[in-house]
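1. Can you look at this prediction? I've put the sequence above it.
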Amino acid sequence: MKRIRLKLTLLTAILIAFTASSQQYQPTWESLESRPVPQWYTDAKFGIFIHWGLYSVPAWATNSNADGFGSNYAEWYWERLNNTKLKIHKEFVDFQNRVYGPNFKYPDFAPLFKAELFDPAKWAQIFKNAGAQYVVLTSKHHDGFALWPSRESWNWNAVDAGPHRDLAGDLSKAVKDAGLHMGFYYSLYEWYNPLYKTDIAKYVDQHMLPQLKDLVNRYQPDVIWADGDWDHSDTIWKSRSFIHWLYNESPVKNTVVTNDRWGTGNKHYGTFNSTEYGKGSAGLHKPWEECRGIGESFGFNRNENLEQYQSSQSLVHMLIDIVSRGGNLLLNIGPAADGTIPVIMQQRLKDIGDWLNVNGDAIYGTTAWIAAPKQTDSTIRFTRKGNTLYAIATSWKDALTVKGVRKASRIRLLGVPGTVNFRSAAGGITIQAPQVTPANNPSSYAWVYKIEGAF
């Protein structure tokens, strides 16, 4: 019997050693950050962010930014009702009392979140037509309400309450069927979860980590977009432990990407750095992604007016600028509680897609032109792909000069048949625009010259 036990002990030790050696990445940020960035993400450039949940029922925030960055985010509705330190607190309380009554509490919104018009296949088609390559849905925001049948959020999820439907699962399937990459936003903390408020260690072990692993195992997403990390360090959140599992053992270990919001302090962990409404640092040392709404809120805000929405032109120019600096744009939409995407948002997405349908070659799979000399014209941005350079003009010019290019094999304007004339100039080349009229204008908002064999 002792021999059998000894053999079993040795076998167990061998298995443990084999498992440890087969795990390529160790639970240190240095090791986790050594993992190569999946190519799909660096090539994608454009994704759709979706903030949708109980906050989509009131769908309201002030138009005042009196309390600073993010004070007009509609998805923070519950917190604004309770945060008496904010200048805008009274406006939220007054709206709540006037519209829903003083005895109506935030959890009472759950039965009103019906998603009765939600058509995931239609959403996926809208995103695909917009030219997006990936989608990131808020699986759970800071209010803790989950959009999937989470065991840890019993009776506080979209299957047990509200629409009685696996919203995350239905959208994930539709997005993948459309050929796009699917991802999930996940808030690490929850404002009013009693377990979070009383025992953070137990919350992490019994609630947060099981939820994250459930999301990954159920839906196999290619993006895990963490948020709500600012209360604690990555050690308390056990972020390294989770990402270690994600990169080594999970069903998406070779394709998944993560952002940098996994704890206070050092913000350089994760696959990519995230900026929000232009806040934060972006550079070429690491992939980065800008997220923002079409309006000034992430969650749908019925209190926003036309002037608070970005125009189609400004969104296209934003995408061009971000990609030319080596980043991705994660553009947010805020659907209504009934599951419809506001028409103004659909229109903006369609216009971006129409532009990308002509000019996407200058966006997808490109890199920043790192060696670009200083250009005198600020309305021209550059991307490159091998020895092909793309000069993207955000205003029409009869001629434009590109510094730092001595020669090219041929140049053409995307969307227009044939090549265009160019000549060598001092320190660069000058491109002569073809004859374009409203009748044969290939696209709106910006025009792309594809410079092949550039050196």
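-> Yep, it's here.
2. Just confirm S444 contacts L315, I think it does.
-> No: with contacts counted by C-beta atoms under 8 Å, S444 stays clear of L315, the gap being 11.8 Å. Where C-beta positions appear, they are placed from N, C-alpha and C, glycine not excepted.
3. partner residues bridging the most centrally placed residue in the chain?
-> Taking C-alpha atoms, centre = their mean, the centroid of the chain lies closest to L330, which sits 3.8 Å from it. In this structure, L330 has the following beta-bridge partners (DSSP bridges): G47, C291.
4. and if you look at V257?
-> V223.
5. Number of residues surrounding it?
-> Other residues within reach of V257 by the criterion other C-beta atoms under 10 Å amount to 27.
6. unless I'm mixing things up, it is touching D222, no?
-> Yes: distance between V257 and D222: 6.7 Å, which falls inside the contact criterion (C-beta under 8 Å).
7. anything in contact with each of those two?
-> In terms of C-beta atoms under 8 Å, 6 or more residues apart in numbering, V257 and D222 are both contacted by the residues P38, Y41, G183.
8. I figured the second one was touching K286, is that so?
-> No: using C-beta under 8 Å as the test, Y41 is too far from K286 to be in contact (12.0 Å).
9. ok, those two, which is more surrounded?
-> Regarding Y41 and K286, a neighbour count based on other C-beta under 10 Å identifies Y41 as having more, with 23 against 16.
10. Now that one: closest residue in space that isn't a chain neighbour?
-> V257 (4.8 Å; C-beta to C-beta, 6 or more residues apart in numbering).
11. Could you report the neighbour count for L284?
-> With neighbours defined by other C-beta under 10 Å, the count for L284 comes to 12.
12. Now name the helix or strand holding it.
-> Assigned by DSSP states H and E, L284 falls within no helix or strand.
13. What ranges in the protein fall below the confidence cut-off?
-> Applying pLDDT under 70 to the chain flags the ranges 1-23, 266-268.
14. Closest one to S324 out of the shared contacts of V257 and D222, please.
-> Among the shared contacts of V257 and D222, Y41 lies closest to S324 (C-beta to C-beta), at 17.7 Å.
15. The closest one should be in a helix, yeah?
-> Yes: remark: Y41 belongs to a helix, assigned using DSSP: H, G, I helix; E, B strand; the rest coil.
16. For D160, the count of nearby residues, please.
-> Neighbours of D160 under the rule other C-beta under 10 Å: 14.
17. Need the overlap of contacts for Y41 and K286.
-> In terms of C-beta under 8 Å, 6+ apart, Y41 and K286 are both contacted by the residues F272.
18. got the buried residues for stretch 159-179?
-> Burial within stretch 159-179, assessed by neighbour count using 16 or more other C-beta atoms under 10 Å, is assigned to 159, 161-163, 165-176, 178.
19. Return the subset of the residues you listed lying in helices.
-> In helices, defined here by DSSP state H, the members of the buried residues of stretch 159-179 are L167, A168, G169, D170, L171, S172, K173, A174, V175, K176.
20. Tell me how far the first one lies from T366.
-> What that stands for is L167. With distances taken as C-beta to C-beta, to the nearest Å, L167 is found 34 Å from T366.
21. What are the neighbouring residues in contact with the residue nearest to G293 when sequence neighbours are not counted?
-> Nearest in space to G293, with sequence neighbours left out and distances taken as C-beta to C-beta, 6+ apart, is N332 at 4.3 Å. Going by C-beta under 8 Å, 6+ apart, N332 touches I48, F49, I50, H51, C291, R292, G293, I294, F298.
22. Which one of the residues you listed is nearest to Q206?
-> Proximity of the contacts of N332 to Q206, judged by C-beta to C-beta, is greatest for H51, which lies at 26.5 Å.
23. Burial check on the nearest residue to I352 once chain neighbours are set aside, number of neighbours?
-> Spatial nearest neighbour of I352, chain neighbours left out: A130 (5.4 Å); criterion: C-beta to C-beta, 6+ apart. Residues within reach of A130, counting by other C-beta under 10 Å, total 25.
24. in terms of contact, does A130 touch D354 like I think?
-> No: under the criterion of C-beta under 8 Å, A130 makes no contact with D354, lying 9.2 Å away.
25. where does whichever helix or strand F127 is part of sit relative to the chain's centre, distance-wise?
-> Using DSSP H and E, the element containing F127 is helix 120-129. The chain centroid and the centroid of helix 120-129 are separated by 16 Å, computed with C-alpha atoms, centre = their mean, to the nearest Å.
26. And that helix, what does it pack against?
-> With contacts taken as 3 or more C-beta pairs under 8 Å, 6 or more residues apart in numbering; DSSP states H and E, helix 120-129 sits against helix 167-177, helix 343-359.
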